[in-house]
Each structure stands twice: as structure tokens, then as C-alpha cells.
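Asker: A structural model of the following input is requested.
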Amino acid sequence: MSHDCLRSVGLALMLLGLATGAVLVPALLDLTRGTNWESVPGIVLSSTVERRVSHETDADGNRFLVERFEPRVTYRYTVSGVTQVGHDLAPHEVASVDEGWARTQAARYRPGDGVTVYHSPNGRRAALLPALSAGVWAWLALPGLALLLGVGLMRRGRGSSRGQGGRRFPTSRRAARGAR
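Answerer: Numbers count the residues shown, from 1 in each chain. Got it, this is the predicted structure:
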């Protein structure tokens, strides 16, 4: 493979690694929020599906409507003697364009059912589903590997001017003076 090709592939892998990492980090932060939350017993008060419509824009600037469905479970729980009401199914957003999926999730929580409620240390947030484990951070190995491989290919692509023909330049002042 030529040196220019190695540099090009290396650059592409570096950019891919950086871009993928930039997308993964915020997503993983959101998914692992709540890994240190305590759990307490709770009781389901109601369960339904909420329909949300949002205006979004595609890469070409065209606006369109997106319909999402979110399972909405209302539950009561007590932390440090204070009774609270929560609505979140998970510490991260749980919505889908699939209404059937949302209805299936909501149906799992019938009024009167006992549930485990995970709550934040400050007591302001609660969820019925625990956060994903911190092990999901292993996914960052993929963009990291692409970045390292890209750097390696860029370094190999620099190559050496020896033995490739072409013009050689003197490396010392004495050799430079002799060349004049």
C-alpha cells in the first residue's frame, strides 16, 4: 500500500474514531446515569402511554414531524420518611416510534403492583428500571481502537525518503557547503 494511501486511511480512521467517540460519550453518560442510585419499594398508581409529536429537521434542512410514544408509569415511594411520586420508567429517556412497544412496557405495570424504585442520592429523580451498568463504557474501545489504528497508519504513511529515488538533501552544513 502506498504511503499516501496509508495516510488517507489513517486520517479516515482517526476522524471516524473521534466522531464516534463524540457521539458515544453523551449517549453513554445518559444511559449510565443512575448506576449509583439506591432502591426502595414502591407501588404503581397508574400506567399509560403518552404520545409526543416533535418537529425535527433532516440534514438537508427539511422539517418533518416525528411521533414518539412513551410508557408513563406513576408510582409512589418513600425515601427517608418522605413519600414521593415518580413518573420515569428509566433514568434516561424511554420513548419509541413503536406504539406497540410502549403499550407493552406500560402494561407490565398495573395499578396496585409492588415495584422496586431506584432513586437518586439527592432524592430528586426516581426510575423503575435500573441504569445500564458502567460496563457499557467498554463500547468506547471501538472508537479508541480506530483512533489508535489511524495514528499508526498515519505514522507508517510518513515513510522514509531513503531508497525511494528522488532528490536527497544534505543533512549537515559541511555537506551543504560541499554541494555548492
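Asker: could you give the number of residues near residue 145?
Answerer: With neighbours defined by other Cβ atoms under 10 Å, the count for residue 145 comes to 12. (Each C-beta comes from the backbone N, C-alpha and C, glycine too.)
Asker: so what's it up against?
Answerer: For residue 145, the contacting residues are residue 17, by Cβ atoms under 8 Å, 6 or more residues apart in numbering.
Asker: over to residue 85?
Answerer: Each residue near residue 85 by Cβ under 8 Å, 6+ apart is listed here: 45, 74, 75, 76.
Asker: now swap in residue 22 and tell me
Answerer: With Cβ under 8 Å, 6+ apart as the criterion, no residue contacts residue 22.
Asker: which strand or helix spans it?
Answerer: Secondary-structure assignment from DSSP states H and E places residue 22 in helix 3-32.
Asker: and that helix, what's its mean pLDDT?
Answerer: Across helix 3-32, pLDDT averages out at 73.
Asker: direction included, what does the next helix or strand after that helix pair up with?
Answerer: Beyond helix 3-32 in the direction of the C-terminus, DSSP H and E gives the next helix or strand as strand 38-57. Partner strands for strand 38-57, per DSSP bridges, with pairing direction: strand 63-79 (antiparallel), strand 114-119 (antiparallel).
Asker: okay if I get those as CSV plus distance to residue 154?
Answerer: Formatted as CSV, the strands paired with strand 38-57 follow (distance: least, Cβ to Cβ, whole Å):
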stretch, distance to residue 154
strand 63-79, 40
strand 114-119, 45
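Asker: between the ones you listed, which gets nearest to residue 37?
Answerer: Counting by Cβ to Cβ, residue 37 lies closest to strand 114-119 out of those; the figure is 4.3 Å.
Asker: can you name the element that comes right after the closest one?
Answerer: As assigned by DSSP H and E, the chain's next helix or strand after strand 114-119 is strand 126-127.
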